[in-house]
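Trainee: sequence first, predicted model second:
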Amino acid sequence: MQLNIQNETSRLRAVVLGTAKSNGPVPKIEEAYDPKSIEHIKAGTYPEESAMVTEMESVAKVFEKYDVKVYRPDIIKDYNQIFARDIALVIEDKFIKSNILPDREKEIKAIQYVIDQIDPDKVYKAPSEAIHFEGGDIMVHNDHIFIGTYKGDDYSDCIVARTNMKGVAYIQSLFPNKIVKEFDLNKSMKDPRDNALHLDCCFQPVGNNKAIIHKEGFRDVLDYEYLVNLFGNENLFHIDKNEMYNMNSNIFSIAEDVVISEKNFTRLNTWMRSNNIIVEEVPYAEIAKQEGLLRCSTMPLIRD
Ligand SMILES: NC(=O)NCCC[C@H](N)C(=O)O
């Protein structure tokens with residue numbers, strides 16, 4: 001397989017889509033690793049496996065409609081494998097395995113059959129366990145690579161901080177010719193409305209040089225301003241705390257003019273349509289309860 005990913009929006013040809021099958025029982029609070037899941041465990045509203053399977057199948061149907069080759073993970077019994085995005089990432093022709101949260105480290109073996117189809121010289125794994133990064137924090141944008149991180153002193157106690165500056169340096173070492181820009185993100189283990197779990201939970205490019213952004217997701221206003229300068233304020237769709245909580249920045253592009261989005265994102269979907277983007281609406285509100293949405297559930301392998 002010849003990998004090719006240069007950005008978030010070029011026409012998609014092949015993708016890994018996670019699975020909600022055999023997701024396991026409702027986790028105990030101490031087993032959960034994000035505050036939104038904890039909120040739903042406490043409220044007794046944690047999503048049912050069957051509802052999540054239905055939601056993911058509706059995404060698979062959209063890929064079928066656009067003739068995208070879809071790879072699904074092998075099933076690991078009673079294990080959460082919905083968020084394929086985080087376990088590895090593709091930039092240009094390189095496949096980079098993440099150094100992910102230990103609770104999630106088994107997920108990668110379920111796509112070994114995909115990795116086996118890639119030239120082994122193009123498969124990378126960070127040389128040290130002190131290097132942390134997850135795919136949800138990393139976005140290639142042509143000559144740029146954007147990386148979400150957390151620079152707070154309490155990084156090592158913070159289960160919602162998944163990418164450290166060693167991770168940023170490792171990605172830069174693989175792509176010396178790219179401009180790597182890191183963003184210090186706001187984290188909260190208590191309140192999902194204040195938690196930018198990954199960069200794709202508060203920002204994502206969409207369409208033709210536009211982007212969705214939640215200003216308060218950034219700890220340093222200069223990081224936010226970097227994106228305003230790069231994209232132009234008129235090209236940014238600003239989302240508020242509740243829209244971030246509902247995961248509006250986590251839609252997924254099949255092309256510059258085709259996006260998969262959640263059916264309740266009325267304001268966002270209207271804006272995208274007014275910018276000549278075809279919006280393929282799917283139900284995804286159950287999976288959203290686990291603090292991830294469509295970008296989180298997909299790992300693109302080939303785009304034009
Ligand atoms: N890219 C993403 O933001 N992925 C969502 C992962 C959600 C999952 N509950 C986690 O905490 O790892």
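Mentor: Great, that's in hand. Keep in mind that what you see is a predicted model, and the values were worked out from it rather than measured. Numbers count the residues shown, from 1 in each chain.

Trainee: alpha carbons only for contacts and neighbour counts from here, please
Mentor: Fine.

Trainee: enumerate the residues of the stretch 151-300 of the chain near the ligand.
Mentor: Proximity of the stretch 151-300 of the chain to the ligand, by CA under 6 Å from any ligand atom, involves residues Leu197, His198, Asp200, Cys201, Gln290, Glu291, Gly292, Cys296.

Trainee: go with 5 Å
Mentor: Where the stretch 151-300 of the chain comes near the ligand, counting by CA under 5 Å from any ligand atom, the residues are His198, Gln290, Glu291, Gly292, Cys296.

Trainee: same deal with the stretch 1-150 of the chain?
Mentor: Tyr33, Asp34, Gly136.

Trainee: filter the residues you listed to the buried ones?
Mentor: Tyr33, Asp34, Gly136 (16 or more other CA atoms under 10 Å).

Trainee: pick the one among these closest to Asn248.
Mentor: Gly136 (14.3 Å; CA to CA).

Trainee: the closest one: what's it in contact with?
Mentor: Arg85, Asp86, His198, Leu199, Asp200, Arg295, Cys296 (CA atoms under 8 Å, 6 or more residues apart in numbering).

Trainee: the residue in the stretch 51-200 of the chain that the ligand sits nearest to and Thr298, how far apart?
Mentor: As assessed by CA to the nearest ligand atom, the ligand sits closest to Gly136 within the stretch 51-200 of the chain, at 3.4 Å. From Gly136 over to Thr298 the distance is 10 Å, taken as CA to CA, to the nearest Å.

Trainee: shared neighbours, the two?
Mentor: Common neighbours of Gly136 and Thr298 (CA under 8 Å, 6+ apart) are Arg85.

Trainee: got the buried ones among the residues of the stretch 1-150 of the chain next to the ligand as JSON lines, with pLDDT and distance to Glu281 columns?
Mentor: As requested, these are exported to JSON lines (pLDDT from 0 to 100; distance: CA to CA, whole Å):
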{"residue": "Tyr33", "pLDDT": "95", "distance to Glu281": "28"}
{"residue": "Asp34", "pLDDT": "97", "distance to Glu281": "26"}
{"residue": "Gly136", "pLDDT": "98", "distance to Glu281": "22"}
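
Trainee: now the residues you listed in a markdown table, with secondary structure?
Mentor: Putting those into a markdown table (DSSP: H, G, I helix; E, B strand; the rest coil) gives the following:
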| residue | secondary structure |
| --- | --- |
| Tyr33 | coil |
| Asp34 | coil |
| Gly136 | helix |
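
Trainee: got the contact list for the closest residue to Ala161 other than its chain neighbours?
Mentor: Spatial nearest neighbour of Ala161, excluding adjacent residues (CA to CA, 6 or more residues apart in numbering): Tyr150 at 6.0 Å. Residues in contact with Tyr150 (CA under 8 Å, 6+ apart) are Ala161, Arg162, Thr163, Asn164, Met165, Phe183, Asp184, Leu185, Asn186, Lys187.

Trainee: now do the same contact list for the second one.
Mentor: Put plainly, it is Arg162. Ile100, Leu101, His132, Phe133, Glu134, Thr149, Tyr150, Leu197, His198.

Trainee: now those residues in JSON lines, with distance to Val279, pLDDT and secondary structure?
Mentor: Shown next, in JSON lines, are the contacts of Arg162 (distance: CA to CA, whole Å; pLDDT from 0 to 100; DSSP: H, G, I helix; E, B strand; the rest coil):
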{"residue": "Ile100", "distance to Val279": "31", "pLDDT": "96", "secondary structure": "coil"}
{"residue": "Leu101", "distance to Val279": "33", "pLDDT": "94", "secondary structure": "coil"}
{"residue": "His132", "distance to Val279": "34", "pLDDT": "98", "secondary structure": "coil"}
{"residue": "Phe133", "distance to Val279": "30", "pLDDT": "98", "secondary structure": "strand"}
{"residue": "Glu134", "distance to Val279": "27", "pLDDT": "98", "secondary structure": "coil"}
{"residue": "Thr149", "distance to Val279": "30", "pLDDT": "98", "secondary structure": "strand"}
{"residue": "Tyr150", "distance to Val279": "32", "pLDDT": "98", "secondary structure": "coil"}
{"residue": "Leu197", "distance to Val279": "25", "pLDDT": "98", "secondary structure": "coil"}
{"residue": "His198", "distance to Val279": "24", "pLDDT": "98", "secondary structure": "coil"}
